[in-house]
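In: build me a model:
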Amino acid sequence: QVQLVESGGGLAQLGGSLRLSCVASDVAFSPYAMGWFRQAPGRAREFVAAMSNRGGTYYSDSAKGRFTVSGDSAKNILDLQMNNLKPEDTAVYYCATTSRLYVGRKESEYDHWGQGTQVTVSA
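Out: Model (predicted):
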């Protein structure tokens, strides 16, 4: 069973930055894409960003222009650089992988999930 481990969450102020990282435990694992989702209290888990194994990047409207996803598909590493953070970015951020041959934006389209890392942005 592949394990995804996230790191880098924490507390930031309005306008600040944080960088999240995710690594899959099995280097032989070869997902089509890795992505980031987030879930705020009382809300559904939502897509944030993803990167395919060919390097294509995808963003939600709320992440576009502020967040940058990057990584190394050969090493199953995915990072999320978050700039200009807002209080509404406060959530638990989850790393996920998909073996479907497209980059989906729905939770149901991803197969493996990390435990999540808390991001809190204060005003």
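In: when you work out contacts or count neighbours from here on, use the C-alpha atoms and nothing else.
Out: Noted.
In: need the residue closest to the centroid of the chain.
Out: Trp36 (1.9 Å; C-alpha atoms, centre = their mean).
In: pLDDT at that one, what is it?
Out: On pLDDT, Trp36 comes in at 98.
In: SS state for it?
Out: Following DSSP: H, G, I helix; E, B strand; the rest coil, Trp36 is assigned to strand.
In: what sits against it?
Out: When the contact criterion is C-alpha atoms under 8 Å, 6 or more residues apart in numbering, the partners of Trp36 are Phe47, Val48, Ala49, Ala50, Leu80, Tyr93, Tyr94, Cys95, Ala96.
In: of those, which belong to strands?
Out: If you go by DSSP state E, those have Phe47, Val48, Ala49, Ala50, Leu80, Tyr93, Tyr94, Cys95, Ala96 in strands.
In: format these as a markdown table; extra columns: neighbour count, distance to Val27 and pLDDT.
Out: As requested, these are exported to a markdown table (neighbours: other C-alpha atoms under 10 Å; distance: C-alpha to C-alpha, whole Å; pLDDT from 0 to 100):
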| residue | neighbour count | distance to Val27 | pLDDT |
| --- | --- | --- | --- |
| Phe47 | 23 | 24 | 98 |
| Val48 | 24 | 24 | 98 |
| Ala49 | 26 | 22 | 98 |
| Ala50 | 30 | 19 | 98 |
| Leu80 | 22 | 20 | 98 |
| Tyr93 | 26 | 22 | 98 |
| Tyr94 | 26 | 19 | 98 |
| Cys95 | 31 | 16 | 98 |
| Ala96 | 28 | 15 | 97 |
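In: thank you kindly, that will do.
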